[in-house]
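**Q** what shape does this take:
(chains A, B, C and D)
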Protein chains: 2
Amino acid sequence: MIRFVLAEDQGLVRGALAALLRLETDLQLVGEASDGEQAWRLLRDLKPDLLVTDIEMPGLTGLELAQRVQRHGLATRVVIVTTFGRAGYLRRALDAGVSGYLLKDAPAERLADALRTVHRGGRAIDPELAVEAWGESDPLTDRERQVLRLAGEGLGAQEIAEQLNLSHGTVRNYLSEAIGKLGVGNRIEAYRLAHQKGWL
Amino acid sequence: MIRFVLAEDQGLVRGALAALLRLETDLQLVGEASDGEQAWRLLRDLKPDLLVTDIEMPGLTGLELAQRVQRHGLATRVVIVTTFGRAGYLRRALDAGVSGYLLKDAPAERLADALRTVHRGGRAIDPELAVEAWGESDPLTDRERQVLRLAGEGLGAQEIAEQLNLSHGTVRNYLSEAIGKLGVGNRIEAYRLAHQKGWL
DNA sequence: CGGCGGTGGTGACAGCTGTCAGCCGCGCAG
DNA sequence: CTGCGCGGCTGACAGCTGTCACCACCGCCG
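**A** Numbering: from 1, shown residues only, chains lettered A, B, ... in the order given. Predicted coordinates:
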């Protein structure tokens, strides 16, 4: 019997996935969480075999959750289930030691199989992503990422500088750097591209 | 027996929702579609009682699907199930004659009940949105929307002007108008706000 | 008819953006 | 120790952005 916890913020999707997985007789859903913090508490209390989690959730993201599992040396294996086929996400997920990474686009039958594979000690990585992931890698520095994130929210150089305790000239240099590295023409395109690649 | 078709592009979510709804003995899933065109064909061929659909799908969106159902006078009632609690979406959905509008955040139990309510001739609108929807309405003109959409993709005033056959000064006037109407400080914030409200 | 709103335009101005060259200080490999 | 790279900063410049005032045309409502 494979004991697992399910973390997903959208109630309807969580309920639906639960229904789907309850059809499998060798899988046992021992807990559900609608945010990262709650999921973490369940992991500590229930010590399940597997965690099935989304990435984008309030509080802790699925990636951060995976990092914690790794750092605390829990035996729980992590399977990410997400909308986003961003290479950067998979990259970070693998660094955080996750055992599975599925897209919500995948056929439903794949999920249960993936959980069994992972429980046996294997890996279940969405094949299309696997190739792409080790292609282009994030060329941005930490600072460039921070600056780009804020720029994407509509802040000006001056405002970004205040938030990061930098001079506004420095902020503009970072933006210019990022724009150049990404081969685009302005901060908006740079933000969109970096976001879409999962680098933000 | 309530006969329904399910349209949702994410395979995993579709499969999971199907599993959830198959647990209900008075509901019968007669067809599944992963895009709008396919859903439309199913509607014409199967004449189901209900259509349960996402909004954002390749090909035809759920909103466009609802409009077609309305224009062709099908007896099928439409229930939208979406991630986006944007007032503008609900507004357009109601204009298109949909009978239900649920958020994926909602608890899973609500879905089956909503389908029954709608089948009985009632409506099932997510309560939080219902209030909000008739509050603030889209203050933007068509031109302002067009310009904002392009600005959001990172185009400059000059480029937008070329695409729309306007002068770059006019484009800047529209952007300034939109920024003012939305009470924000620049095009990026304006785009984000309009997008988030479902006005784009 | 007059007025109003949407569309399209001009010119001017201040301020922001993107680019570049160059400077400083720190830490680390040679 | 010297030199290099990196993070941070500055100043200057051209070009883009946001704002404003003002003009013209159309169509529709009262």
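**Q** residue A:67 touches residue A:96, doesn't it?
**A** Yes: contact criterion Cβ atoms under 8 Å: residue A:67 and residue A:96 qualify, at 4.6 Å. In short, each C-beta sits where N, CA and C put it, glycine included.
**Q** could you list the low-confidence segments of chain A?
**A** A:128, A:130-137 (pLDDT under 70).
**Q** need the residue closest to the centroid of it.
**A** Per Cα atoms, centre = their mean, the C-alpha nearest to the average position across chain A is that of residue A:55, at 3.8 Å.
**Q** show the contacting residues for that one.
**A** A:61-63, A:80, A:82, A:84, A:89 (Cβ atoms under 8 Å, 6 or more residues apart in numbering or on different chains).
**Q** got it, and residue A:166?
**A** Residue A:166 touches residue A:160, counting by Cβ under 8 Å, 6+ apart.
**Q** check which helix or strand the residue sitting furthest away from the middle of chain A maps to.
**A** Most distant from the centre of chain A: residue A:169, at 32.6 Å, with distances by Cα atoms, centre = their mean. Assessed by DSSP states H and E, residue A:169 sits inside helix A:168-182.
**Q** C-terminal to that helix, what's the next element?
**A** Later in the chain than helix A:168-182, the nearest helix or strand by DSSP H and E is helix A:187-197.
**Q** buried ones in that next one?
**A** In terms of neighbour count (16 or more other Cβ atoms under 10 Å in any protein chain shown), helix A:187-197 has its buried residues at A:187-194, A:197.
**Q** filter those by proximity to chain B?
**A** When contact is defined as Cβ under 8 Å from any Cβ of the partner chain, these meet chain B at A:188-189, A:192.
**Q** about what we covered before: can you tell me which of the buried residues of helix A:187-197 is nearest residue A:18?
**A** Proximity of those to residue A:18, judged by Cβ to Cβ, is greatest for residue A:197, which lies at 31.8 Å.
**Q** what sits closest to the closest one if chain neighbours are left out?
**A** Nearest non-adjacent residue to residue A:197, counting by Cβ to Cβ, 6 or more residues apart in numbering or on different chains: residue A:88, 5.5 Å away.
**Q** tell me the helix or strand right after the helix or strand where that neighbour lies.
**A** Element membership for residue A:88 (DSSP H and E) is helix A:87-95. Downstream of helix A:87-95, the first helix or strand assigned by DSSP H and E is strand A:100-103.
**Q** show me which residues of chain A sit near DNA strand D.
**A** Applying Cβ under 7 Å from any atom of the strand, one finds that chain A approaches DNA strand D through A:141-143, A:165-167, A:169-170, A:172-173, A:186.
**Q** return the member of these nearest to residue A:114.
**A** Distances from residue A:114 to the residues of chain A next to DNA strand D, taken by Cβ to Cβ, are shortest for residue A:142, at 32.8 Å.
**Q** re the thing from before, the helix holding residue A:169 vs helix A:187-197, what angle?
**A** Per axes from the mean of the first three to the mean of the last three Cα atoms, to 10 degrees, the angle that helix A:168-182 makes with helix A:187-197 is 60 degrees.
**Q** can you give me the helices in chain A?
**A** Ranges of helices in chain A, per DSSP state H, are A:11-22, A:36-46, A:62-71, A:87-95, A:109-119, A:127-133, A:142-152, A:157-164, A:168-182, A:187-197.
**Q** mind putting those helices in CSV, distance to DNA strand C included?
**A** CSV is the format used below for the helices of chain A (distance: least, Cβ to the nearest atom of the strand, whole Å):
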stretch, distance to DNA strand C
helix A:11-22, 37
helix A:36-46, 33
helix A:62-71, 24
helix A:87-95, 22
helix A:109-119, 38
helix A:127-133, 27
helix A:142-152, 7
helix A:157-164, 3
helix A:168-182, 4
helix A:187-197, 4
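**Q** would you reformat these as TSV and include distance to residue B:107?
**A** Shown next, in TSV, are the helices of chain A (distance: least, Cβ to Cβ, whole Å):
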stretch	distance to residue B:107
helix A:11-22	5
helix A:36-46	15
helix A:62-71	21
helix A:87-95	28
helix A:109-119	21
helix A:127-133	31
helix A:142-152	32
helix A:157-164	37
helix A:168-182	41
helix A:187-197	30
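**Q** tell me which of these sits most buried.
**A** Most buried of the helices of chain A, by mean neighbour count (mean count of other Cβ atoms under 10 Å in any protein chain shown): helix A:11-22, with a mean of 22.
**Q** helices and strands around that helix, which ones?
**A** Helices and strands touching helix A:11-22, as assessed by 3 or more Cβ pairs under 8 Å, 6 or more residues apart in numbering or on different chains; DSSP states H and E, comprise strand A:2-7, strand A:27-33, helix A:109-119, helix B:11-22, helix B:109-119.
**Q** and it, how far out from the chain's middle?
**A** Distance of helix A:11-22 from its chain centroid, counting by Cα atoms, centre = their mean, to the nearest Å, is 20 Å.
**Q** do the same with stretch A:146-153
**A** From the chain centre to the centre of stretch A:146-153 is a distance of 19 Å (Cα atoms, centre = their mean).
**Q** how about stretch A:139-157?
**A** Relative to the centre of its chain, stretch A:139-157 is centred 19 Å away, using Cα atoms, centre = their mean.
**Q** and for stretch A:39-54?
**A** 16 Å.
**Q** and that stretch, is it in reach of chain B?
**A** No: Stretch A:39-54 does not reach chain B (Cβ under 8 Å from any Cβ); its nearest approach is 10.9 Å.
**Q** who touches that stretch?
**A** A:2-10, A:17, A:21, A:30-31, A:33, A:57, A:60, A:62, A:65-66, A:68-69, A:74-82, A:115, A:118-119.
**Q** so the helix holding residue A:169 versus helix A:142-152, what angle?
**A** Counting by the same axes, to 10 degrees, helix A:168-182 lies at 100 degrees to helix A:142-152.
**Q** okay, the helices and strands packed on helix A:11-22 in TSV with distance to residue A:155 next?
**A** Listed next are the helices and strands packed on helix A:11-22 as TSV, based on distance: least, Cβ to Cβ, whole Å:
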stretch	distance to residue A:155
strand A:2-7	31
strand A:27-33	33
helix A:109-119	40
helix B:11-22	34
helix B:109-119	38
